[in-house]
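>>> only geometry, no sequence info:
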């Protein structure tokens, strides 16, 4: 059974930083592209960032480019999302996801349950 478990969410002030982690089990982690998505209240889920199997290539949504960094540790079956210069509009439930194959903004096979990130003063 595949499980993706996010951690690290919470409340942060505008301009602050937060780091999310997602640990995977039940799959061959190093064969999966990993991604982060988010869903704000009343909005559809949107792509945030993705990282290739070896971690050499990344891709970001324009809204987070230059502020967020995705990384992975294949030895720990874990993908990270470092979020800096956070804005109120970054408030959302953040999901990690895995897909077998190359980097993409869609077509993910497995999803975590999500974790709340709130940016507010």
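Structure's in. What do you need? Quick caveat, the model's predicted, so the values are computed rather than measured. Numbers count the residues shown, from 1 in each chain.
>>> is it true that residue 96 touches residue 80?
No: assessed by Cβ atoms under 8 Å, residue 96 is found out of contact with residue 80, at 9.5 Å. C-beta: built from backbone N, CA, C; applies to glycine.
>>> Tell me which of the two has more neighbours.
residue 96 (29 against 19; other Cβ atoms under 10 Å).
>>> wait, what's in contact with the nearest residue to that one once chain neighbours are set aside?
Excluding the flanking residues, the one nearest residue 96 by Cβ to Cβ, 6 or more residues apart in numbering is residue 22, at 3.4 Å. Shown in contact with residue 22 (Cβ atoms under 8 Å, 6 or more residues apart in numbering): 4, 5, 6, 7, 34, 36, 78, 79, 80, 81, 96, 112.
>>> Tell me the bridge partners for the nearest residue to the last one once chain neighbours are set aside.
Think residue 112. Ranked by Cβ to Cβ, 6+ apart and with sequence neighbours excluded, the top spatial neighbour of residue 112 is residue 4, at 3.7 Å. Here residue 4 shows beta-bridge partners residue 24, assigned using DSSP bridges.
>>> pLDDT score for the residue nearest to residue 96?
pLDDT, residue 22: 98.
>>> That one and residue 104, how far apart?
Plainly put, residue 22 is 17 Å away from residue 104 if you go by Cβ to Cβ, to the nearest Å.
>>> do residue 5 as well
Using Cβ to Cβ, residue 5 is found at 22 Å from residue 104.
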